[in-house]
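coords please:
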Amino acid sequence: MTRLRCGCALMAWFLCACDVATVAQVPSNVAQNQCAGDSDCPGGSCVAGQCESQQGAFQTVLFAVTPPSSSSASADLQFLKQVDLPITGGAWDLPLDAALQLVGQVNLKSNPPRTCKPSWGDVGNLLATSGDGSVPGTISLTPSQTELGVFSQSAVAQTTLVNTSKFTFSMNVPPGEYDVYYQPERQPSDDCIVSPLLLRKLPINPGAKSLVLTVPESSSFVLKVNWPLGDGALNGWTVDMLDPVSGHVISNRAPLALPASGDKTHYMATVRYVPVVGDTSDQTAQELLRLSPPDSPPNGMPMPAPTILLSRSALGLFDANSGTLNDFTAGRGLPTPVHIYGQVTALATPMPVAATVTLVATKIIGIDAGVLASFVRTVTVKVDGQFDLEVLPGNYRVSAVPSAQLDTETNSSADSKLAEVSEDWMVADSPTEQAGKVIELGHALPINGAAFNASGSTAVVTALVQAVASTASTQVDVLHQALGEAVVVPRAATGRVDPGGNFELIADPGTFDVSVRPLAASGFSWLVVPSVAVGTTGPTSGGANLMSRALPLPVVYRGTVTLADTGSVPGALIRAFVYTSAGLYTSDSTKADSVVQIAETRADTSGAFKLLIPASLNGAVHTDR
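Model (predicted):
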């Protein structure tokens, strides 16, 4: 049964000041979770006129709570808290530890003492010298859960110089587990290098008032690059070291230099780095050395050139502190660039399309097999669809993303119904001018289905339907991203459930987490279907049909969200996530490959909330519809 509850027009109901905890103020046309008895609630019970589940499946839940911007020092901070929920629902409060004002500094390890004293700034204009052992730079704290798909802004602070003798920083953060990264201020020379510092999954405990980081003496790795041609082609190239998980630079950027003897057949570079601290169980000695061409060579415009990536453990088979890269072009020299001309069009018509085109090399002609080389180019294509750029000859994974956003409701433009596309190209090494490259964009693919209550009698009218890229399907480590295995992330898509219970949205090819999100005051919980595959290529390509599904019965939680220092948090936004592995719920966060949002609510003016957690993922399929 559907009743009219609120006088707001449907197209503007999101503007109405409806209390999320008050069923009586649901906008018109919105279906409600109502019942007269248990027979109306398959698998559940009728409680106070609403169908509820008496037991859910999710015990381990990750909450993200954001106080409103009008609140105190906690304003706009996102608090992440993993909770073991009572699976039977009921009264349950959400207490949060107070936000922390961390005041700290970055010190150099003093035992054993350094043999040199670092200096900072440009030559001839030093900012300061290290008097008390503190050093300048930028410190960032990123919640560790972001690797699973929880968006959370990093806290970033720059050190300031106090009384010309001490560098300190200050930042506000919630307690939690963070990846901490320190990037030193610019140093005028390599005489006394202070390396970046990365600490993974560092706990910042409630009540902490300071954060003191200690940078140990740097380790050294000497890279020798043999270049028998002796033509100076690698002049101006540099070497640095990367963390393979985050991509953070963990060393200085060292110039690749010829020896003083005048021998031009080999280059040397010494990078100074600090090994990653923390959760590195599967990354021991897997740091990546990056050999990069100059950004702006002294002789004019930069020529396209590859970036070479090397595993430190592979280079250091015989000596952990040094390694040799033999001529990676087998005496042929660096590849000669090719100028290509192309166009982006719609598949159904020859009409040009504005887009962003990215070419990622998967193989570069002239680079030895076994040498990991990266070359990426991105170009913005205007409405005429034309583009041209210089690339290296080889094999490419080419992607094009239409400039127009996916839209079926408000935008009648044909471009708003086009999908991203990825395809493989081969760019030959001759001729040096090549035209005729065409990228054809096809139509976006449908994700459709229907959403009803548990008994199948009531369509969940006006519920928002959202499809977002599954985190697990878009995760690629730093090395493989650089080598052309980066995944094109499909764009998010949205739609609504119509009066017949049906919904359809259009999407790029990819894997999505699809959720049907009724208005909280309707009394329905979300329907969440993880890892929905939308076809890509081949004769079996196509959209996804989720069929007719029942929204899981809600497990209802009522309580108050509080902060330890200020009490209740009026207006707090509360989002609930579950951990998943291969699209299935897991209570063990250490085995998860992503998180999926399953519920959302907002606390009222007293900090009280009502949260409807779905009893399960996926929902039952109505076989009789």
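
before we move on, what SS does residue 472 have?
Recorded secondary structure, residue 472: helix (DSSP: H, G, I helix; E, B strand; the rest coil).

Against residue 577, how distant is it?
14 Å (C-beta to C-beta, to the nearest Å). Heads up, the C-betas are built off the backbone N, CA and C, glycines and all.

nearest spatial neighbour of the residue nearest to the spatial centre of the chain, skipping sequence neighbours?
In the chain, the residue lying closest to the centroid (C-alpha atoms, centre = their mean) is residue 149, at 6.1 Å. Closest residue to residue 149 apart from its sequence neighbours, by C-beta to C-beta, 6 or more residues apart in numbering: residue 471 at 3.2 Å.

what do you get for residue 470?
Excluding its sequence neighbours, the residue lying closest to residue 470 (C-beta to C-beta, 6+ apart) is residue 511, at 4.6 Å.

now residue 363
Leaving aside its chain neighbours, residue 363 sits nearest to residue 395 (4.2 Å; criterion: C-beta to C-beta, 6+ apart).

Please name the bridge partners of the one you found.
Note on residue 395: beta-bridge partners by DSSP bridges are residue 363, residue 426.

Looking at it now. What's its pLDDT?
Confidence at residue 395, expressed as pLDDT, is 94.

so how many other residues sit close to it?
Burial of residue 395 is recorded as 15 neighbouring residues (other C-beta atoms under 10 Å).

Kindly report the same for residue 323.
There are 21 residues near residue 323, going by other C-beta under 10 Å.

How many residues are close by the closest residue in space to it that isn't next to it in sequence?
Distances taken as C-beta to C-beta, 6+ apart put residue 315 closest to residue 323, at 2.8 Å, once the chain neighbours are dropped. Applying other C-beta under 10 Å, we find 19 residues neighbouring residue 315.

Run through the residues that contact residue 315.
By C-beta atoms under 8 Å, 6 or more residues apart in numbering, residue 315 lies in contact with 223, 289, 322, 323, 324, 325.

what are the bridge partners for the first one, then?
With DSSP bridges applied, residue 223 shows beta-bridge pairing to residue 269, residue 323.

what separates it from residue 187, distance-wise?
Per C-beta to C-beta, residue 223 is found 20 Å from residue 187.

Then the second one?
Between residue 289 and residue 187 the distance is 20 Å, computed by C-beta to C-beta.

got it, and the last one?
Look at residue 325 and residue 187: by C-beta to C-beta, they are 26 Å apart.

any chance you could map the strands in the stretch 401-550 of the chain?
For the stretch 401-550 of the chain, the strands defined by DSSP state E, counting those that start in this stretch cover 421-427, 433-441, 445-452, 464-469, 493-496, 502-507, 510-517, 527-534, 544-550.

Which strands or helices does the fourth one pack on?
It stands for strand 464-469. strand 493-496, strand 502-507, strand 510-517 (3 or more C-beta pairs under 8 Å, 6 or more residues apart in numbering; DSSP states H and E).

Need the winner for burial among those.
strand 510-517 (a mean of 24; mean count of other C-beta atoms under 10 Å).

in its sheet, what does that strand sit against?
strand 464-469 (antiparallel), strand 527-534 (antiparallel).

rewinding a little: between residue 289 and residue 187, which has more neighbouring residues?
Shown here are residue 289 and residue 187; by other C-beta under 10 Å, residue 289 has more neighbours (24 against 19).

So for that one, what's the pLDDT?
92.

low pLDDT regions in the stretch 401-550 of the chain?
Low-confidence regions of the stretch 401-550 of the chain, defined by pLDDT under 70, span residues 408-412, 481-487, 536-541.

in stretch 329-344, what counts as buried?
329, 334, 335, 337, 338, 340, 342, 343, 344 (16 or more other C-beta atoms under 10 Å).

closest one to residue 68 among the helices and strands packed on strand 464-469?
Of all the helices and strands packed on strand 464-469, it is strand 510-517 that lies closest to residue 68, at 20.8 Å by C-beta to C-beta.

Which stretches in the stretch 51-200 of the chain count as helices?
Assigned by DSSP state H, counting those that start in this stretch, the helices in the stretch 51-200 of the chain number zero.

What of the stretch 301-450 of the chain?
Assigned by DSSP H, counting those that start in this stretch, the helices in the stretch 301-450 of the chain fall at 312-315.

so where's the stretch 101-250 of the chain shaky on pLDDT?
Low-confidence segments of the stretch 101-250 of the chain, defined by pLDDT under 70: 122-132.

Burial check on the residue nearest to residue 273 when sequence neighbours are not counted, number of neighbours?
Nearest non-adjacent residue to residue 273, counting by C-beta to C-beta, 6+ apart: residue 251, 3.6 Å away. Counted by other C-beta under 10 Å, the residues lying close to residue 251 total 25.

Contacts only, for residue 251.
195, 196, 218, 221, 240, 241, 271, 272, 273.

Point me to the residue sitting farthest from the middle of the protein.
In the chain, the residue most distant from the centre (C-alpha atoms, centre = their mean) is residue 261, at 47.7 Å.

Distance of it relative to residue 238?
Residue 261 is 21 Å from residue 238, by C-beta to C-beta.

Now residue 377: closest residue in space, sequence neighbours ignored.
Closest to residue 377 by C-beta to C-beta, 6+ apart is residue 359, at 4.9 Å.

Surely the one you found touches residue 400?
No. Using C-beta atoms under 8 Å, residue 359 is not in contact with residue 400; the gap is 10.0 Å.

Take the strands paired with strand 510-517 and write them to JSON lines, including mean neighbour count.
Below are the strands paired with strand 510-517 laid out as JSON lines (neighbours: other C-beta atoms under 10 Å):
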{"stretch": "strand 464-469", "mean neighbour count": "21"}
{"stretch": "strand 527-534", "mean neighbour count": "22"}
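
thought residue 198 was touching residue 245?
No. Under the criterion of C-beta under 8 Å, residue 198 is not in contact with residue 245, lying 9.1 Å apart.

shared neighbours of these two, anything?
Common neighbours of residue 198 and residue 245, using C-beta under 8 Å, 6+ apart, are residue 276.

neighbour-wise, which of those two wins?
The neighbour count for residue 198 versus residue 245, taken as other C-beta under 10 Å, is higher for residue 198 (24 against 19).

who touches that one in this structure?
179, 180, 181, 182, 243, 246, 248, 250, 274, 276, 277.

which of those residues are buried?
Buried members of the contacts of residue 198, scored by 16+ other C-beta under 10 Å, are 179, 180, 181, 182, 243, 246, 248, 250, 274, 276, 277.

So which of these are in strands?
179, 180, 181, 182 (DSSP state E).

Can you lay out those residues as JSON lines showing distance to residue 390?
Listed next are those as JSON lines, based on distance: C-beta to C-beta, whole Å:
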{"residue": "179", "distance to residue 390": "37"}
{"residue": "180", "distance to residue 390": "40"}
{"residue": "181", "distance to residue 390": "34"}
{"residue": "182", "distance to residue 390": "37"}
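
for the residues you listed, which one is nearest residue 528?
Comparing these against residue 528 with C-beta to C-beta picks out residue 179 as the nearest, at 27.6 Å.

neighbours around the nearest residue to the closest one once chain neighbours are set aside, how many?
Closest residue to residue 179 apart from its sequence neighbours, by C-beta to C-beta, 6+ apart: residue 142 at 4.8 Å. Number of residues near residue 142 (other C-beta under 10 Å) recorded here: 17.

Also residue 426?
Neighbours of residue 426 under the rule other C-beta under 10 Å: 10.

Who are the contact partners of it?
Neighbouring residues of residue 426 by C-beta under 8 Å, 6+ apart: 394, 395, 396.

closest to residue 64 among those?
The closest of the contacts of residue 426, once distances to residue 64 are taken by C-beta to C-beta, is residue 396, at 38.5 Å.

Tell me how far the closest one lies from residue 375.
Counting by C-beta to C-beta, the gap from residue 396 to residue 375 is 9 Å.

Need the residues touching each of the two.
Counting by C-beta under 8 Å, 6+ apart, the common neighbours of residue 396 and residue 375 are 360, 361.
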